[in-house]
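>>> Next one to model:
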Amino acid sequence: MQARDDKSAAAVLDALRNRRTSRDYEDRDVPRAVIEDMLEAARWAPNHRNTEPWRIFVLERGGAKRDETANLIAEWTYENVKNPAPGRRENSAESIRQEVLSAPCFIYVYSRPGPTEEVTRENYAATCCAIQNMQLAAYAHGVAVGWSTGRPIKPARLAETLGADASWTAAGALYAGYPKSFPSVKRRPVDEIARWL
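Numbers count the residues shown, from 1 in each chain. Below you'll find the model as predicted:
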């Protein structure tokens, strides 16, 4: 493998250190070319046995499938929210519906199972790597991604609505857009998380 130059290494490390989750976006679309770069980055995630287990659904803003999915998530939220007050349940359901509808870009990522439990676990891990690649590619274009494994992937009819196989596992729903700001975070020092033996 050819050695990378210092500029390339700095760009990769910058993306790793400064990529942030955000769901507070400017009201402008993410260009299709940027989304295609994110999808291309997903294809190159490491995957044991070259299974390429990821399956991706891009729900276009203003499209019928985005609307149908937002309503499905709102219904699930209304039925499952912990607060018994009807008004609070309605507010929670409408809030998540609007969040899904208004996101400049909204993507589902699924992982296909393997022939054994071990390969299925490897496939899920690889799919999570694909999502990280998508986030890094988005960051390179000034786009932030919010990766949700909560309410957007909970509805029982979600796979059917998207056209996903019932045997696939949802690895997450990705909100993406140009952030109003990139939040800052801290990480533990390396010597607290790693040992040299």
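
>>> Let me see the contact set for residue 176.
Contacts for residue 176 (C-beta atoms under 8 Å, 6 or more residues apart in numbering) come out as 30, 35, 38, 103-107, 138, 143-146. To be clear about C-beta, it is placed using only N, CA and C from the backbone, and glycine gets the same treatment.

>>> 10 Å instead?
22-23, 25, 30, 34-35, 38, 58, 103-107, 134-135, 138, 141, 143-147 (C-beta atoms under 10 Å, 6 or more residues apart in numbering).

>>> Where does pLDDT dip in the protein?
Within the chain, the segments meeting pLDDT under 70 span 1-3.

>>> mind running it again at 90?
Counting by pLDDT under 90, the chain shows low-confidence ranges at 1-9, 12-13, 16-24, 81-86, 181-186.

>>> Narrow the contacts of residue 176 to those in helices?
34, 35, 38, 134, 135, 138 (DSSP state H).

>>> Name the next helix or strand downstream of the longest strand anywhere in the chain, please.
Counting residues, the longest strand found in the chain (DSSP state E) is strand 169-177. Next in sequence after strand 169-177, counting helices and strands by DSSP states H and E, comes helix 190-193.

>>> Against which helices or strands is that following helix packed?
Helix 190-193 sits against no helix or strand, with contacts defined as 3 or more C-beta pairs under 10 Å, 6 or more residues apart in numbering; DSSP states H and E.
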